[in-house]
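Undergrad: Provide a 3D model corresponding to the input given below.
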Amino acid sequence: MLAHVRRASILETVRQTGSVQVAEIAGRLAVSEMTIRRDLVDLEREGHLKRLHGGAVALQGIAVDREEPSFDARLSRDRGAKERVAAAALPLVDDARTVALDVGATAFLLAQLLRARVGLHLFTNSLRIAAALSDGAQQVFVPGGRVRGTEMAIGGPDAVAAFAKLWFDVAFLGVSGLTADGLFDYSIEDTEVKRVYLGRSSRKVVLCDASKFQRMSLVRVAGFDTVDTLVTDAMPPPDIQAALDAAGVEVILAPPAASSGA
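TA: Numbering: from 1, shown residues only. Next up is the predicted model:
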């Protein structure tokens, strides 16, 4: 198949669905995955799409975050929305005993709401969350591994191996962005632990305020087929909502901020 014919087919798929997967398009066009990857490199260079792990997404309406803001910056940005998302997620802990908390600002706010809960076993790869819970009413567990800088996140093979042996009633995941193609995050190491949470939990919950819709960053964590629930503060855009519906993901909307008017 001629290169221009392949690339036209790739672009048509991206226009129709918003994304393309290397393995899927290679099988459909009966060419190697390496050939498709080279096509994606050329199409990205020409400004037609944005490559990501395992495929590419349409550029229109998608913002790409190339650098990870500090934790304090992320916590202060849209903090009110994050607090409402954390509060809306809190009832999901009611029937749980073993709870996994991912790194991230919204997960940190949820952890603070859990400090008074008795009888919980909380597992986290965030030293910041562990410290916040250290004088709480529950037991807190962290894995061994390498600590990632000011993020205070534990990652690496040891952390993955430690938590991969466990099973959680519910896991709460933070993300840097959400598109119709799934969940994104800044850090490869953090992403490895997120995938353990997704694979080792009865209920997988994503915490994501609306400012992260149509944003992507370095790593695609997973598709929506690995998620049970999204807790957010506004309805997702139509293409993301369609992808959530197709995957059967429950969407829980946090109540709006209380009015300060009379």
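
Undergrad: quick one: contacts of the lowest-mean-pLDDT helix or strand in the chain?
TA: Of all helical and strand segments in the chain, the minimum by mean pLDDT, DSSP states H and E falls on strand 63-64, at a mean of 76. When contacts are defined by C-beta atoms under 8 Å, 6 or more residues apart in numbering, strand 63-64 is touched by residues 50, 177, 214-217. Heads up, the C-betas are built off the backbone N, CA and C, glycines and all.

Undergrad: which ones among those are found in helices?
TA: Among these, DSSP state H puts none in helices.

Undergrad: pull the distance from the least confident helix or strand of the chain to the chain's centre.
TA: Taking the mean of its C-alpha atoms, strand 63-64 sits 15 Å from the chain's own mean (C-alpha atoms, centre = their mean, to the nearest Å).

Undergrad: buried stuff in the helix or strand just after that strand?
TA: For strand 63-64, the following helix or strand on the C-terminal side (DSSP states H and E) is helix 71-76. Under the neighbour-count criterion of 16 or more other C-beta atoms under 10 Å, helix 71-76 has 71, 74-75 buried.

Undergrad: closest to Met34 among those residues?
TA: For these, the residue nearest Met34 by C-beta to C-beta is Arg74; the value is 36.8 Å.

Undergrad: tell me the confidence at the closest one?
TA: For Arg74, the pLDDT comes out at 92.

Undergrad: residues contacting it?
TA: Arg74 neighbours (C-beta under 8 Å, 6+ apart): 104-105.

Undergrad: pretty sure Leu183 sits against Ala222.
TA: Yes: using C-beta atoms under 8 Å, Leu183 is in contact with Ala222, at 5.5 Å.

Undergrad: distance check, the residue nearest to His48 when sequence neighbours are not counted against Val20.
TA: In space, and not counting its chain neighbours, His48 is closest to Leu11: 5.9 Å by C-beta to C-beta, 6 or more residues apart in numbering. Plainly put, Leu11 is 9 Å away from Val20 if you go by C-beta to C-beta, to the nearest Å.

Undergrad: which one's more surrounded, the two?
TA: The neighbour comparison of Leu11 against Val20 (other C-beta atoms under 10 Å) goes to Val20, with 28 against 18.

Undergrad: am I right that that one falls within a helix?
TA: No: assigned with DSSP: H, G, I helix; E, B strand; the rest coil, Val20 falls outside any helix and is strand.

Undergrad: mind checking the backbone torsions on the residue nearest to the spatial centre of the chain?
TA: By C-alpha atoms, centre = their mean, the mean C-alpha position of the chain lies nearest to Val175, the distance being 3.3 Å. Dihedral pair for Val175: phi -140, psi 160, per degrees, to the nearest 10.
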